[in-house]
Every structure is written in C-alpha cells, then in structure tokens.
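**Student:** need a 3D model of the sequence below.
(one chain, ligands or ions: 2)
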Amino acid sequence: MSELLENTTDSTGAAEALVARAAALDAADPLAKRRELFALDDGVVYLDGNSLGALPRHVPARMAHVIAHEWGELRIRSWGESGWWTAPERIGDRIAPLLGAAPGQVVVGDSTSVNVFKALVGAVRLADDDSRDEIVVDATTFPTDGYIAESAARMTGRRLVPVAPGDVPAAVGPRTAAALVNHVDYRTGRLHDLPGITAAVRDAGALAVWDLCHSAGALPVDLDANGVDLAVGCTYKYLNGGPGAPAYLYVAERHQGRFDSPLPGWNSHADPFAMSPGYAAADGARRGRVGTPDILSMLALESALDVWDGVPVGEVRAKSLALTDFFLECVRAYVPEGRLTSLTPAAHAERGSQVALSCPEAPAVMARLIERGVVGDLRRPDVLRFGFTPLYVGYADAERAARVLAEVCAEVSEGR
Ligand SMILES: Cc1ncc(COP(=O)(O)O)c(C=O)c1O
Ligand SMILES: Nc1ccccc1C(=O)C[C@H](N)C(=O)O
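**Tutor:** Ligands and ions are numbered 1, 2, ... in the order given. You can find the predicted model right below:
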C-alpha cells in the first residue's frame with residue numbers, strides 16, 4: 001500500500017526544469033483563471049482546502065447585503081420574500097450536479113455528523129428486516145462516522161461490523177442492513193471503488209451509504225448512475241462554503257417515500273405551519289430537514305457555489321490528478337530517497353485529491369512548512385497532508401511546496 005519515495009534525479013538543473021514545466025502547465029491550464037475568484041495571497045501556497053476551502057471574493061459583499069437588507073430591513077418577511085424557507089432544497093439542487101444527482105434528492109442542513117445519523121438509521125429502517133442485524137462500517141473511517149455508526153447500531157439493535165472498504169463486498173450478505181463507507185480516506189487520500197462497493201452492497205440486499213466529504217467538488221461522484229442509496233457530505237472543503245457551513249443529505253428518489261428520518265423535526269413536516277401535534281412527513285428531499293436552517297451559513301454557501309458556474313467536474317478531476325502527479329514528481333526530485341513515504345496510491349483510479357506523506361518528524365516538518373507559507377496539515381502522529389483544490393491551486397504552487405518541503409526535511413533531519 002505504501003511506497004517509499006525514490007529520488008529519481010539529483011541533477012542541479014532539475015529544479016529549473018521543474019519550474020519551467022510548472023509555468024508551462026499553468027499557462028495551459030483551463031482552470032487557472034478561477035484562482036482570481038478567491039481571496040488568496042501570492043505569498044502562501046494553500047494546500048488545506050481539503051479541511052477548509054478558501055473564501056470566494058464575492059461572498060462578503062453578498063453576505064453584507066443578506067445581513068443589512070434581508071435580515072436588517074425585511075426581517076421576518078425574508079423567510080418568504082428572500083427565499084430563506086426553501087434554501088435547503090434550492091441549494092441542494094445547486095450541489096446535485098456536482099454529485100451526479102438529478103434534482104429533488106439533495107437537501108442542505110445540519111452537520112455531516114448529524115446527516116450520517118439520519119442516513120444510517122434511515123437506511124436500517126428502509127431495509128426493514130430484523131434478520132438483517134448488522135451494519136457494516138468502514139474501519140478506516142473519519143472518526144465521527146464510526147462513533148455515530150456505533151450509536152446507530154445500538155439504537156437500532158444491530159451489530160456493528162467494521163471492515164476495510166476493500167473488504168466490504170466480501171463482508172456483506174443476508175445479515176447486512178446497511179454499509180457506511182467513505183469515498184476518499186481522509187488520512188491517506190485513497191479513493192475507494194464507489195461503483196463496485198455500491199453494487200456489492202445492493203446485490204446483498206442492503207443499502208449503501210456514502211460519506212463524500214473528501215470527494216465532492218474534487219472528482220465525479222455519479223450517485224444516480226451508480227445506484228447509491230443514501231449519501232452525506234460537508235460543504236466547507238472543496239465546495240468552499242465556509243467554516244461550519246451546512247452539510248447535505250442525498251436520499252435516492254426511489255427511497256424517498258419510505259425514508260423514515262430518526263430526527264423528524266417540524267421543518268420536515270408536510271405542513272409545518274399547521275403546527276399539529278401529529279407528525280406527517282413531507283415528500284421529497286425536504287423529508288431530510290430537521291429544524292430551522294442556519295440561514296447565514298447557508299446563504300454564504302449558496303453564494304460560494306457561484307465559482308462552479310461553467311466548470312465541468314471532469315476538468316477538475318483531470319487537473320487534480322495532474323497536480324498530484326506533478327507534486328509527487330517534484331517531491332521525488334527534491335527530497336532524498338527514503339526520507340518520506342507516500343501513503344497516497346500511485347494509481348489514478350485509487351487517488352483522491354490529496355497527497356499524504358509520512359515521516360517520523362512530521363509534526364516539526366508541518367510546523368515549519370506553515371511558517372514558510374506552505375499550508376498543509378498534520379494528522380498525528382506522522383502524516384503530512386497536502387490537499388490540491390484545482391480551482392485555486394496551480395502547478396507552480398505544487399513545485400514550490402515540494403521545494404520548501406525538501407528544505408524543511410533537510411533542516412529537521414540535521415537537527416537545525
Ligand atoms: C469524512 C468526514 N466525515 C465527516 C467529517 C466531519 O463532519 P462534521 O462536519 O460533522 O464535523 C469530516 C471532517 O470534518 C470528514 O472528513
Ligand atoms: N471541520 C474541521 C474543523 C476544524 C479543523 C478541521 C476540520 C476538518 O474538517 C477536518 C477534516 N475533516 C479532515 O479530514 O481532517
């Protein structure tokens with residue numbers, strides 16, 4: 001799985017050649033101009049958009065208007081006149097094309113953690129079969145999904161079966177109610193086989209639930225085409241919605257009529273303003289709502305999504321692979337052999353949009369990188385994560401990051 005990075009060249013001309021290649025690649029990049037849409041400073045290489053996406057420049061003015069006019073002047077009228085009440089479905093439809101979902105299946109709101117809960121308990125209820133007494137969960141998952149899956153299993157009287165994503169097809173069977181898997185591993189950047197795993201889960205008669213936090217906005221997801229049952233994801237990484245921006249829930253249309261949310265708040269009632277004591281679920285994506293939406297965050301997200309207008313996801317994927325390839329090539333050229341181990345698969349079919357490199361001195365290396373304007377992040381104890389967001393990261397950024405990484409590795413290993 002991991003490969004020791006081999007230093008392929010030590011020629012002094014290597015750096016010049018890579019700098020020239022980076023310039024040529026940037027000049028030919030059809031997405032290069034998108035960077036101007038973001039608030040970024042040239043002194044910093046921002047490789048942490050897989051944790052918090054950068055701010056699109058036009059969002060502050062839009063939010064100033066929302067606050068001063070929609071809230072400040074229209075006040076309560078804005079629920080109707082400014083379209084606040086229907087924002088969760090409207091913004092869901094805006095995100096849907098990035099997920100390969102037809103309209104009417106995605107609703108925005110709550111955190112990813114909360115949506116994992118709705119989706120997983122909802123999936124077990126959709127399976128509606130007591131003999132299906134197991135929930136399969138990605139053993140390598142981002143922790144929140146694992147914690148919530150454990151609680152969902154306890155609440156629904158199921159047994160939790162943690163397995164590596166690649167082993168899910170072999171693990172599912174007549175006892176499986178649902179399987180929860182991450183599309184891209186947050187630590188290693190490994191892309192899992194969504195079509196194959198979904199098909200295996202569904203062939204076993206179970207429901208496939210996907211966490212798209214690290215894939216949506218970086219690569220094609222194709223939820224409808226692959227027959228995914230339910231999915232969740234955050235909007236503050238590749239979708240640039242802002243810190244704590246609301247997450248989304250996808251419930252495939254074929255399941256919506258029977259989707260039984262474990263959090264049936266008044267916003268998902270068929271007639272919320274009837275305020276009746278009995279619950280009657282709304283139709284469609286709205287059934288995934290809970291309480292009053294966090295309008296300011298939601299409208300910041302809606303505004304941020306403008307940067308996607310006219311951007312084909314396929315183009316984003318092509319650039320993401322080319323960028324991560326180029327970064328790995330630069331690291332091989334600059335960093336002495338054996339000092340870093342890449343946890344990110346070399347095969348494109350298995351790679352998301354980040355590169356994860358490990359070394360024992362990772363905490364000190366990342367601290368120095370950030371001091372020198374190369375912002376990635378650390379996953380303890382020894383993983384350096386570099387996220388490549390194709391809308392605003394270029395090839396010169398990748399070259400510079402690798403060069404500074406080599407300098408910092410040398411200093412740290414020599415105790416300087
Ligand atoms: C795969 C994955 N799931 C869930 C989360 C977190 O969800 P929440 O937004 O609820 O904190 C993250 C990152 O924070 C993540 O990477
Ligand atoms: N929401 C956050 C708030 C603070 C710091 C990090 C996050 C992240 O999103 C971490 C990310 N999910 C990760 O893949 O590590």
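
**Student:** could you list the residues of the stretch 51-200 of the chain in contact with ligand 2?
**Tutor:** With CB under 6 Å from any ligand atom as the criterion, the stretch 51-200 of the chain meets ligand 2 at residues 51, 142, 186. Placement of C-beta: from N, CA and C, glycine included.

**Student:** after the longest strand along the chain, next one along is what?
**Tutor:** Longest strand of the chain, by residue count under DSSP state E: strand 176-182. Scanning forward in sequence from strand 176-182 by DSSP states H and E, the next helix or strand is helix 194-203.

**Student:** does stretch 173-183 reach ligand 1?
**Tutor:** Yes - contact of stretch 173-183 with ligand 1 (CB under 6 Å from any ligand atom) involves residue 182.

**Student:** go through that stretch and flag the buried ones.
**Tutor:** The neighbour-count check on stretch 173-183 (16 or more other CB atoms under 10 Å) flags 175, 176, 177, 178, 179, 180, 181, 182, 183 as buried.

**Student:** let me know the closest of these to residue 356.
**Tutor:** Nearest to residue 356, judged by CB to CB, of these is residue 182 at 14.0 Å.

**Student:** doesn't residue 140 make contact with the closest one?
**Tutor:** Yes - under the criterion of CB atoms under 8 Å, residue 182 makes contact with residue 140 at 7.3 Å.

**Student:** return every residue with contacts to both of the two.
**Tutor:** residue 165 (CB atoms under 8 Å, 6 or more residues apart in numbering).

**Student:** related to what we said a few turns ago, just want the angle from the longest strand of the chain to helix 194-203.
**Tutor:** If you take axes from the mean of the first three to the mean of the last three CA atoms, to 10 degrees, strand 176-182 sits at 170 degrees to helix 194-203.

**Student:** quick check: next helix or strand after the longest helix anywhere in the chain?
**Tutor:** Secondary structure of the chain per DSSP state H: the longest helix is helix 313-334. Heading C-terminal from helix 313-334, the first helix or strand you meet, by DSSP H and E, is strand 341-342.

**Student:** same for the longest helix of the chain, what does it pack against?
**Tutor:** Secondary-structure packing of helix 313-334 (3 or more CB pairs under 8 Å, 6 or more residues apart in numbering; DSSP states H and E): helix 14-27, strand 354-358, helix 395-413.

**Student:** contact residues of the stretch 301-416 of the chain facing ligand 2?
**Tutor:** Taking CB under 6 Å from any ligand atom, no part of the stretch 301-416 of the chain reaches ligand 2.

**Student:** and the nearest residue to residue 44 once chain neighbours are set aside, its phi and psi?
**Tutor:** Of all residues not flanking residue 44 in the chain, residue 373 sits nearest, at 4.6 Å (CB to CB, 6 or more residues apart in numbering). Torsion angles at residue 373 (phi, psi; degrees, to the nearest 10) stand at phi 80, psi 20.
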